Each structure stands twice: as C-alpha cells, then as structure tokens.
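Participant: Okay, structure incoming, though there's no sequence with it:
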C-alpha cells in the first residue's frame with residue numbers, strides 16, 4: 001500500500017474519531033422490589049467541538065439514546081409469565097412492539113450529571129406498573145378486553161377471621177424467580193390466583209404481586225397491609241416462578257378472600 005493511501009486512511013480515521021460522539025456500554029437492571037426498570041447511559045461529545053455547552057448537549061443526547069438502548073434490551077428479557085418474556089410478546093404482537101418502542105422513548109429521566117471531561121451520565125426509569133406509561137400496559141395488552149374469571153370456591157369451607165389486608169406467601173429458600181404475571185396453585189394443581197381472575201385496570205395500577213424480603217419490610221407493608229394472611233409455599237414451579245401451596249392453605253385463602261377481597265385488589269406479596 002502506498003504511503004499516500006496510508007496517509008489518506010489515517011486522515012479519514014482521525015476525522016471519524018474527532019466528529020463522532022463516544023458512547024459507553026449502557027447499564028440496566030430490573031428492580032422487582034421497587035417495581036422499576038432502570039438504565040444508565042454514558043456518552044461524551046465530539047472531540048473537535050470547542051464550545052463546552054454544545055459538547056455537553058451532544059453528550060447528553062447520546063447518553064439518552066444509550067440509556068434507551070439499555071432499557072430496550074432489558075425490557076425484552078423481562079419474564080411476563082414462567083413461559084413467555086416481553087421479547088416473545090413483541091414477536092407475536094406488532095402492537096406490543098410498537099407500544100414498547102413508544103414507552104421507551106417517553107421514559108422519565110430521573111438524573112443527569114456531567115463529569116470533568118464533559119462526559120454525560122443519564123439515568124432513565126420505567127415503572128413496571130402504576131401508571132399509563134408502565135410496562136404492564138403492554139405486557140397485559142393482549143388480554144385487556146377479557147372479563148375476569150371468578151376465583152374458585154374452596155374445596156372445604158374454612159372459618160377464618162375477618163379483616164385480612166392481604167396475602168403473603170413465604171417462598172424464601174426456594175429460588176423464586178420474579179415474573180409480571182405469576183400464578184398461585186395448590187398442590188392438587190388448581191390455580192387459585194392468576195391474571196385471568198383480575199380486572200385489567202387493577203393489574204395496571206398495582207401489578208399482580210410484590211416481591212419482598214420479609215413480612216415487615218416496607219414493600220410488604222405497602223402491598224399486603226398490617227394484617228396479612230401469611231402462608232408457606234410447599235414448592236415453586238414453572239421455572240421457579242409460580243408458588244405452590246397446600247390445599248388447606250388455598251382453602252383458607254379463598255375463604256378469607258370471600259370476606260376481605262384482598263386477591264381482587266392484588267394485595268399479594270411473595271417473600272424471596
């Protein structure tokens with residue numbers, strides 16, 4: 001290769017370096033206890049931009065795009081059920097993919113900061129439920145027009161105290177995997193709680209369940225209240241996503257729910 005060609009290629013390479021923003025790998029995570037997906041984007045402005053304000057604006061724009069990319073990748077990996085992820089829904093339903101793209105572009109920026117070299121860090125956060133801009137609005141979109149199916153009747157009538165504020169199922173030590181649409185079954189295989197039993201608007205507002213570390217932590221208190229019915233799972237199944245309880249405990253839960261309607265209100269917590 002001639003010296004002239006090498007010189008030209010070097011000049012082109014330097015032009016690309018000087019005129020391009022530098023984007024670093026986005027960091028993102030799902031916080032199931034807080035019910036949010038958070039992504040951090042990091043980028044620097046163009047090296048040949050002498051104006052500090054413009055260089056920072058370039059960095060900010062690139063950092064936002066980097067965080068959006070991180071959100072998109074993380075959202076696709078979120079398990080909706082034990083058998084399907086958001087990626088599966090996006091492949092099956094064009095409207096779900098379109099809605100997810102729109103959500104990501106409209107996500108809330110929760111922080112922004114600049115470093116000494118004018119690199120910009122932007123953090124975006126997507127709620128999993130609780131608003132019209134939550135992931136739940138698209139995760140449950142295919143079933144939004146289906147009327148709720150009544151909860152099953154207990155196999156045996158159980159007399160329980162009235163006034164339960166929620167349900168806590170202790171799955172600690174069982175490697176429970178969080179999902180957006182869990183199912184509670186008893187050990188005879190009967191489903192006693194799933195999204196088909198719930199009103200779509202309540203799922204969007206509350207999510208189906210919260211994940212907490214203890215009965216007394218703030219996540220559990222906020223969801224299940226101060227007087228929850230607490231039972232111990234006998235195992236978890238479906239990729240360790242769905243708690244299984246005893247028949248006697250499911251009868252107790254269903255009997256209590258006839259009085260206090262905590263299942264109807266998604267006042268359910270899983271300890272993990």
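Facilitator: Ah, there it is. Since this is a predicted model, take the numbers as computed values, not measurements.

Participant: Quick check: residue 126 is in a strand.
Facilitator: Yes - counting by DSSP: H, G, I helix; E, B strand; the rest coil, residue 126 is found in a strand.

Participant: Let me see the contact set for it.
Facilitator: 36, 37, 38, 71, 75, 103, 104, 107, 108, 133, 134, 135 (C-beta atoms under 8 Å, 6 or more residues apart in numbering). Where C-beta positions appear, they are placed from N, C-alpha and C, glycine not excepted.

Participant: Let's see that with 7 Å instead.
Facilitator: Shown in contact with residue 126 (C-beta atoms under 7 Å, 6 or more residues apart in numbering): 36, 37, 71, 103, 107, 135.

Participant: What sits closest to the second one if chain neighbours are left out?
Facilitator: I take that to be residue 37. Sequence neighbours aside, residue 126 is the residue nearest to residue 37 in space, at 4.5 Å (criterion: C-beta to C-beta, 6 or more residues apart in numbering).

Participant: and the gap between the one you found and residue 96?
Facilitator: 15 Å (C-beta to C-beta, to the nearest Å).

Participant: swap in residue 148?
Facilitator: In terms of C-beta to C-beta, residue 148 sits 21 Å off from residue 96.

Participant: Looking at the two now, which is surrounded by more residues?
Facilitator: residue 96 (18 against 14; other C-beta atoms under 10 Å).

Participant: could you show me where the helices are in the stretch 51-200 of the chain, in order?
Facilitator: Applying DSSP state H, counting those that start in this stretch to the stretch 51-200 of the chain gives helices spanning 52-77, 86-92, 94-105, 136-139, 200-206.

Participant: For the chain, name the helix or strand with the lowest mean pLDDT.
Facilitator: Across the helices and strands of the chain, mean confidence by mean pLDDT, DSSP states H and E is lowest for helix 3-19: a mean of 36.

Participant: out of the contacts of residue 126, which is most surrounded?
Facilitator: In terms of neighbour count, residue 135 stands highest of the contacts of residue 126 at 27 neighbours, by other C-beta under 10 Å.

Participant: tell me the mean pLDDT for stretch 155-173?
Facilitator: Stretch 155-173 comes out with an average pLDDT of 93.

Participant: Would you mind listing the buried residues in that stretch?
Facilitator: Of all the residues in stretch 155-173, those buried under the rule 16 or more other C-beta atoms under 10 Å are 160, 164, 165, 166, 167, 168, 169, 170, 171.

Participant: Can you give me the end-to-end span of that stretch?
Facilitator: For stretch 155-173, the first-to-last residue distance is 29 Å (C-alpha to C-alpha, to the nearest Å).

Participant: okay, the residue nearest in space to the middle of the chain: pLDDT?
Facilitator: The centroid of the chain falls nearest to residue 128 when counting by C-alpha atoms, centre = their mean (4.3 Å). Note for residue 128: predicted pLDDT of 96.

Participant: Show me what the residue nearest to residue 114 when sequence neighbours are not counted bridges to in the sheet.
Facilitator: Closest residue in space to residue 114, ignoring its immediate chain neighbours: residue 120 at 5.4 Å, by C-beta to C-beta, 6+ apart. For residue 120, the beta-bridge partners under DSSP bridges are residue 43, residue 114.

Participant: these two touch, right, residue 120 and residue 43?
Facilitator: Yes - the pair residue 120 / residue 43 is scored as a contact, 6.0 Å apart, by C-beta atoms under 7 Å.
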